[in-house]
Structures are given as C-alpha cells and as structure tokens.
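Student: coords below, sequence missing:
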Ligand SMILES: Nc1ncnc2c1ncn2[C@@H]1O[C@H](COP(=O)(O)OP(=O)(O)O)[C@@H](O)[C@H]1O
Ligand SMILES: [Mg+2]
C-alpha cells in the first residue's frame, strides 16, 4: 500500500478562530474516503488546504510524494478538485472550458482526450452549448470533467451532491464509481449518507477540528453509517474536547 | 516532468479564453462602448465643446472617456473570475500566478484598445475633425497599458471585497493620476499640432510609469490571490 | 497590558516639546517682514507635511515587511502609520490654505505640492475604505499592505507629473527662484524654529504610532478573548 495523502498536525486558523486543530489524516492509494462532519466542522477548509488554495498555519502536508506549500506546482499537477462552485466559464461552451483548462495544465494535442472526457461525463452531444445554459447536474458533471482533464492521481470533491436531483445525483455516482475503478484516489465530503455509504470505502468523521474516527466500509453493518456517525458525535460530545482521535 | 506549465502557454490560454468569451457575447465591449459614447455626449452638452479651438479639452475628455469605460471593463473582467469560483480554478492549475496576471492584463488592454479604436473615429465624425494620428495612437497604447497594469491588480482586490461594486474607482483613480496627467498632456500636445520632439518628455514619462506600475503589480500580484 | 513606563515618559516629553516648539514659533522666530504674522503657520505646515510623508513611507515599508513575514505586528504598524499620516497631511493642507489666503489671495491653489498632498490624502482614505470592505482579517492585512505599497509609489510620480506644470509654491529651502510669489529669506532663527518643529513633530509621530499599535494589540486581545468565551 502506498500512502498518497499524509497530513500531520495540521493547524488552520481564521483570525483567532482555530478551525483545524493539529489534524492528522492519511489516505492510501486507491481509497475512496468520505469525510463526514457537521456544518462548519472544517471539511471545506481541509480540502482547500489540501488543494493548495489555502496555506496551513502549521503542520506538514504531503501529497503524492510532494510537500505543501513548498512544492505546490507539483502537487497541483497530481490533484483534481471539484468545489461547491463549478469553476467553469458560463460564456464558454463545454468544449472550450475543457480546452482552456487543458492548456492551463500544459496538455497538447488534446482534442481526442477532450472528446473522451465529454463522453465519460455524458456531455458529448452538448459540447457546443454554453455552460450557462446547463442545469446544475450538467455543470457538476462538467466540473468533474474539468477536474480530471490532466488525469490526476487524487480527486478532491466538496459536497458534489448538493443541489442535484435524484437522476443527476445517480449519474454523478456512476461517474465517481467509474473514476474510482480506474485506481484513482478520491476524498469527498458529503451530507448525503445513503449515497456516500454506497460509494466510499472508508468513512472519517471530522469534528471539532480533528479526524476523530475512521472506519472501513467492510467493517460497517448494512445501513449502519448514520448510526456510526451519530455514535462518534455523541461520544465526543459526552467526553468533551480532551477526547483524542481514535 | 516540468512541474509548471510554460509561462507563455498559460498566459495566452487566459488571453484566448477572455477573447473568445467576449467575442461570443460582446457584452463587455458593447457596455464599454455605449458608456463611452454617453460620456462624450454628456461632455458635449455640459461643456459646449468645440474641439478645433479647445484641443486641450478634447484630450481630457478622450481620456476621461477611456478611463471610465476601462473601469467598467476591469470590474467586469475580474467579477467573471470570482463569480463561479473560476479564480480558484486558475489557482488550482500548475501555472505561475503572474502568468494569470499578465493574461488578464493583456485581455483587458485589448478590450480598452478596441473601445478606443471605435471611439476615436466616432469622435472625429461627431466633431468633423480628424483626431486620429499615429502619435495619438501611441499615447493611447502607452497610457492604457499603465492603466490596465495597475487596474487589473486593484480589480483583483476589489472583487474580493464586500464593497466590490463601489471600490475599484476609489482605489484606482488616485493612484493612476501620474499616467493620466502624462497621457492627457501628450494627447493635448498632439492635437494642438506640436512636433513630436516637444512632447518627448511626456512620452518618456509614460514609458517610465508603465514600467514601474507593471513591475510592481507583477511583484505583488501573488499576495492578492494567494491565501 | 499595562502602559509601559517608557511610553509614559514619551507622552510627557512630547507634550513639553510641543509647548516648547509653539513658544519658539511665537516668541523666538521673528515676524516675517512682508507676510507678517501669518507666516508663523509655516513652521507647523512644513513639519506636518514632513511627518505625514514619513508616515506613509513607514506604511509602505510595513506593507513590504508584512508581505514577506506575514506577522501581524507589521499590519498594526501599517494601519497606525496610515491613520496618523492622514491626520498630519490634513493639518498640512489646512495650514497651507491658511497661509495661502493672505499671500496668494485664495484658499486653494493648484500648486503641485498642495495638489499632491490632497491626492495623497485621497489615496490613504481609499486605503481605509478598502480595509473596511474586507471581513477576513488576514486578507484585510494583505490587501492593505499591497495598497500601501502601490499608493506610496504613485504619490511621488503624481508630484513629478504635476511639477512639470509651472509652480507657484515658494521653494523655501532652495530659495533661488525670485519670481515665485511668497518666497522669503529665512533668518537663522527661522531656520532653527523650523528644524525644531520638524523634530518635535517627529517625536509626536512616534508617540502616536506607539499608542495606536498598543490600541491595535489590545483590540486583538479582546477579539481573542471573545473567541475563547464562545468555544
Ligand atoms: N475565509 C474564512 N474566513 C473566516 N472564517 C472562515 C473562512 N472559511 C471558513 N471559515 C470558518 O471555518 C469554519 C469551518 O468552515 P468550513 O471548512 O467551510 O466547514 P464545513 O465545510 O465543514 O461546513 C466555519 O466556522 C467557518 O465560519
Ligand atoms: Mg463546506
């Protein structure tokens, strides 16, 4: 097993507010990790820090063998990021958006590659349509296409299901499973427990600034994710803050 | 493996992106243009213009027009990056932040020049006098470079503020004055028919200001976009 | 946080020095032959302008240091310098107007220095508005630092541009241009008074900056305490 993400003693503050408090987190290659946690727990902050958009105040981050923030260019090449905003240009069509990001990632001769990605995310027929005419689900799929344009080893997703209807969410799940089956590592935050339960291979609970618990899907009873999450949160709340990571 | 995409490739990707997006809707340029024409008309009635006798005034009005229209363009150009999180998208790519800065600046510069290229002949027609000359075009080229150099930097800050709709002109206009003064003076000289050698000082100043403003913006842009 | 003894001493020194300088302006320096008593405003006018410029230079340097080191103290220094600079330049502009009224028969002249001083004032008011518009404290500091640098760079260029227009402001120290209205020859006592005023205003500046930084630190502590209570 190869460790692809290694985070040690990560501290992130906004002003006086400490959002991540000596957080430790590690992911093996090929894992599909679901980050669970209440609103404001710091999931987005963790993903933004991992994706080099936000600098840590303290701690060590290593991704695919490179350190952050020192080797951020190398890390960025290995990372695909899907945030809650689509990161797409409404006045460009689907194909142009991918072309633009392809150029930013230094790809060349990528016409075929772009067609493949459009095929994968199910937007090949709509490739000449402006992104601002797309539904939220289509934008989200294209956002994933954008994130994997450079074939990254790690995909980070921040609540990708938010705002999608059933069909769109199902299509998204199929797409994520397809990507995961290609051996890519995925870290995803979500509130949608039933969906996450079907996708992820590991469930981590981020609460009060650290990862409190980590459980593999195979160790979880059927339909047991919500109960597991609740038990962790209750345990921490009962034990106070000095309870450390399991 | 080269960790970073080549500077020029990234920069031109940004310029290309802005240009094709604009070609499609032409929203930015048409807004700038309509605004510019309105400014000219307002000045006409406010000042009872006669460009043949008042070339100094013509130069001033031309530059006020360009700068107001430019302000509109700069605001919009950075707002597009901020609204759908695209700025994050740019920052996630393995490119120099300064390539992004220069890409945006060049695109903004092109838009300003296009607007100026349309405004000049219209102005000439409206007042039945030809104000277009290579020397004036050169002044516009140099003046608007300094303007977008600092304007792109400040617009990147303004769009990240709560008060972003009102902030940019307040930040930009007081610091851009040296460029504006030199550009207006040079343009007035040209419109009055002074020989180029008499205006050498102003041209030199414009070039020096452009270099200073561009280098400083280049050096601090990182701090404006990196968290 | 107790007020340090050095600061207490500095407060007293500043007060005494200010009184001393005022006394010098009124009783030591002679009344200028042509302009009369109004010329006395000149000493504080020059001193305030000088200290104002110095504050903005400090703000720019603090800005550079903040961007390099990302330590909060340089942000506090930057804000302190800007706020105090704004006050001093305001004094400079107002005293300039008071002087200009009887000499040039106008409250306002489009003279390069007066104009530049006013534009400079606008630059730093814009600085405060920029900070006001940003909620995230770290970003606020960063943007403030950037704008303090850009603003300070632009001011001398503005002055230089306007300077190429004809100036009617007296060039006091060089004193060589006889055509400029309002020029006067400084007697040694006048010169001494001016230098003392500049030194005293510089002391006042240091005292005020110190107080402002202390205030900033206290405000930070209050914020921190608030967060600790919330947790
Ligand atoms: N840029 C910021 N400035 C100030 N506070 C922030 C910023 N970003 C996030 N926070 C704070 O950090 C905490 C964690 O936020 P976030 O990571 O978005 O949580 P989650 O994604 O788990 O809901 C929240 O309390 C939020 O208010
Ligand atoms: Mg979130």
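Tutor: Noted; the coordinates are in hand. As the structure is a computational prediction, the values presented were derived from the model and not from experiment. Ligands and ions are numbered 1, 2, ... in the order given.
Student: Doesn't residue C:128 lie inside a strand?
Tutor: No: counting by DSSP: H, G, I helix; E, B strand; the rest coil, residue C:128 falls outside a strand, being helix.
Student: right, and it touches residue C:82 too?
Tutor: Yes: using C-beta atoms under 8 Å, residue C:128 makes contact with residue C:82 at a distance of 7.1 Å. (Each C-beta comes from the backbone N, C-alpha and C, glycine too.)
Student: quick one, which of these two is more surrounded?
Tutor: Taking other C-beta atoms under 10 Å in any protein chain shown, residue C:128 and residue C:82 do not tie; residue C:82 has more neighbours (28 against 15).
Student: Can you tell me, leaving aside adjacent residues, what's nearest to that one?
Tutor: residue C:59 (4.7 Å; C-beta to C-beta, 6 or more residues apart in numbering or on different chains).
Student: same question, residue B:75
Tutor: Per C-beta to C-beta, 6+ apart, closest to residue B:75 is residue B:168, 5.2 Å.
Student: Quick check: residues of chain A near chain B?
Tutor: Within chain A, the residues that sit near chain B (C-beta under 8 Å from any C-beta of the partner chain) are A:48, A:51-55, A:71, A:73-74, A:76-77, A:79, A:81, A:83, A:85-92, A:96, A:100-101, A:103-106, A:130, A:146.
Student: Now residue 17. Its backbone dihedrals?
Tutor: Picking chain A for this. Here is the backbone geometry of residue A:17 (degrees, to the nearest 10): phi -90, psi 120.
Student: who's in contact with it?
Tutor: Taking C-beta atoms under 8 Å, 6 or more residues apart in numbering or on different chains as the contact definition, residue A:17 lies against residue C:227.
Student: hey, where'd the helices end up in the chain?
Tutor: Just going to use chain A. Secondary structure of chain A (DSSP state H): helices located at A:43-50, A:72-78, A:94-104, A:111-120, A:136-147, A:166-181, A:193-199, A:225-239.
Student: hm, I was asking about chain C
Tutor: Using DSSP H, helices in chain C cover C:5-23, C:41-69, C:72-104, C:112-132, C:137-163, C:188-230.
Student: Pull out the buried positions in the third one.
Tutor: Think helix C:72-104. In terms of neighbour count (16 or more other C-beta atoms under 10 Å in any protein chain shown), helix C:72-104 has its buried residues at C:74-86, C:88-89, C:91-93, C:95-97, C:99-100, C:103-104.
Student: For chain B, which residues are neighbours of chain C?
Tutor: Selection of chain B residues close to chain C by C-beta under 8 Å from any C-beta yields B:150, B:153-154, B:157, B:160-164, B:167, B:170-171, B:174-178, B:181-182, B:185, B:201, B:205, B:209, B:212-213, B:216-217, B:220, B:223-224, B:227.
Student: at 6 Å instead, please
Tutor: Within chain B, the positions lying close to chain C (C-beta under 6 Å from any C-beta of the partner chain) are B:157, B:161-163, B:167, B:170-171, B:174-175, B:177-178, B:181-182, B:216, B:220, B:223-224.
Student: Where helices are concerned, which of those count?
Tutor: Here DSSP H is the test, and the residues of chain B next to chain C give B:157, B:167, B:170-171, B:174-175, B:177-178, B:181-182, B:216, B:220, B:223-224 as lying in helices.
Student: top of the residues you listed by neighbour count?
Tutor: Most neighbours among those, by other C-beta under 10 Å: residue B:182, with 29 neighbours.
Student: That residue contacts residue B:205, correct?
Tutor: Yes: between residue B:182 and residue B:205 there is a contact under C-beta atoms under 6 Å: 4.4 Å.
Student: if I pick residue A:200, what's in contact with it?
Tutor: The neighbourhood of residue A:200, defined by C-beta atoms under 6 Å, 6 or more residues apart in numbering or on different chains, consists of A:32, A:34.
Student: swap the cut-off to 10 Å and go again
Tutor: Shown in contact with residue A:200 (C-beta atoms under 10 Å, 6 or more residues apart in numbering or on different chains): A:31-36, A:176, A:180, A:186-188, A:190, A:216-217, A:220, A:225.
Student: And the residues you listed, which of them are buried?
Tutor: Buried, going by 16+ other C-beta under 10 Å: A:31-36, A:176, A:180, A:186-188, A:190, A:217, A:220, A:225, out of the contacts of residue A:200.
Student: Specify which member of the residues you listed is nearest to chain B.
Tutor: The closest of the buried ones among the contacts of residue A:200 to chain B turns out to be residue A:187 (C-beta to the nearest C-beta; 14.9 Å).
Student: Pairing-wise in the sheet, spell out the partners of the closest one.
Tutor: When bridges are called by DSSP bridges, residue A:187 pairs up with residue A:33, residue A:156.
Student: Looking at it now. What's its pLDDT?
Tutor: Confidence at residue A:187, expressed as pLDDT, is 96.
Student: Make sure it is actually in contact with residue A:26.
Tutor: No: applying C-beta atoms under 10 Å as the test, residue A:187 and residue A:26 come out as separate, 11.0 Å apart.
Student: which residues do the two both contact?
Tutor: In contact with both residue A:187 and residue A:26: A:4-5, A:33, A:204, using C-beta under 10 Å, 6+ apart.
Student: who wins for most neighbours among those residues?
Tutor: The residue in these with the most neighbours, by other C-beta under 10 Å, is residue A:204 (24 neighbours).
Student: That one: what's it in contact with?
Tutor: A:25-27, A:33-37, A:43, A:187, A:189, A:211-215, A:232, A:245.
Student: Let's see that with 8 Å instead.
Tutor: By C-beta under 8 Å, 6+ apart, the neighbours of residue A:204 are A:25, A:33-36, A:211, A:213-214.
Student: Also residue B:20?
Tutor: By C-beta under 8 Å, 6+ apart, the contact set of residue B:20 is A:92, A:96.
Student: That one - that's part of a strand, no?
Tutor: No: read with three-state DSSP, residue B:20 is helix and lies in no strand.
Student: how near is it to residue B:111?
Tutor: 13 Å (C-beta to C-beta, to the nearest Å).
Student: Of the helices of chain C, which is nearest residue B:141?
Tutor: With distances scored as C-beta to C-beta, the stretch of those nearest to residue B:141 is helix C:137-163 (18.7 Å).
Student: now the angle between helix C:188-230 and the closest one, please.
Tutor: Orientation check (axes from the mean of the first three to the mean of the last three C-alpha atoms, to 10 degrees): helix C:137-163 against helix C:188-230 gives 160 degrees.
Student: Report all helices and strands that helix C:137-163 contacts.
Tutor: If contacts are counted by 3 or more C-beta pairs under 8 Å, 6 or more residues apart in numbering or on different chains; DSSP states H and E, helix C:137-163 sits against helix B:134-158, helix B:164-191, helix B:200-225, helix C:41-69, helix C:72-104, helix C:112-132.
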